[in-house]
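Colleague: Please find the sequence and the predicted model below.
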Amino acid sequence: MQAHIIVSGRVQGVGYRYFVMRLARKYRLTGWVRNLMTGEVEIEIEGNRGLIESMIQALWTGNAWAAVRNIQTTWESFSGKYKAFDIKY
């Protein structure tokens, strides 16, 4: 499966993208994470749906400096277009 995720709250300037990258690599998921001009963080991730769901639960916790207010998830079909998980700038 593929999930497109928007995370809002205090998620920029607190190391949240690096937290997401480490988490995705731990779950062996592929895709990317980036900051949006709106102050939100956008994630596109692919892999096993159960692992993605586990990761989404962990996204609510964040790192010590983050404060997640909301997570929106849109599910799509697996595309296979990613080989790793990276931070986009």
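Modeller: That came through fine. Residues are numbered from 1 along each chain as shown.
Colleague: If you tally nearby residues, what's the number for the closest residue to residue 15 other than its chain neighbours?
Modeller: Leaving aside its sequence neighbours, residue 15 sits nearest to residue 63 (C-beta to C-beta, 6 or more residues apart in numbering; 5.6 Å). Every C-beta, even on glycine, is put in place using the N, C-alpha and C of the backbone. Counted by other C-beta atoms under 10 Å, the residues lying close to residue 63 total 14.
Colleague: so what's residue 59 up against?
Modeller: For residue 59, the contact set (C-beta atoms under 8 Å, 6 or more residues apart in numbering) comprises 5, 7, 20, 23, 43, 68, 71.
Colleague: One more: residue 19?
Modeller: So residue 19 contacts 62, 63, 66 (C-beta under 8 Å, 6+ apart).
Colleague: Could you confirm it falls within a helix?
Modeller: Yes: the assignment for residue 19 is a helix, going by DSSP: H, G, I helix; E, B strand; the rest coil.
Colleague: do you know how far it is from residue 9?
Modeller: 13 Å (C-beta to C-beta, to the nearest Å).
Colleague: what does residue 20 give?
Modeller: Here residue 20 is placed at a distance of 13 Å from residue 9 (C-beta to C-beta).
Colleague: Same question for residue 25.
Modeller: Residue 25 is 23 Å from residue 9, by C-beta to C-beta.
Colleague: Comparing those two, which residue is more hemmed in?
Modeller: Ranked by neighbour count (other C-beta under 10 Å), residue 25 and residue 9 place residue 9 first, with 18 against 13.
Colleague: Surely residue 23 is in a strand?
Modeller: No: if the criterion is three-state DSSP, then residue 23 is helix and not within a strand.
Colleague: Pull the contacting residues for it.
Modeller: For residue 23, the contact set (C-beta under 8 Å, 6+ apart) comprises 55, 58, 59.
Colleague: again, only this time at 7 Å
Modeller: Residue 23 makes contacts with 55, 58, as judged by C-beta atoms under 7 Å, 6 or more residues apart in numbering.
Colleague: mind checking pLDDT for it?
Modeller: At residue 23, the predicted lDDT confidence score is 97.
Colleague: So it versus residue 29, what's the distance?
Modeller: Distance from residue 23 to residue 29, counting by C-beta to C-beta: 8 Å.
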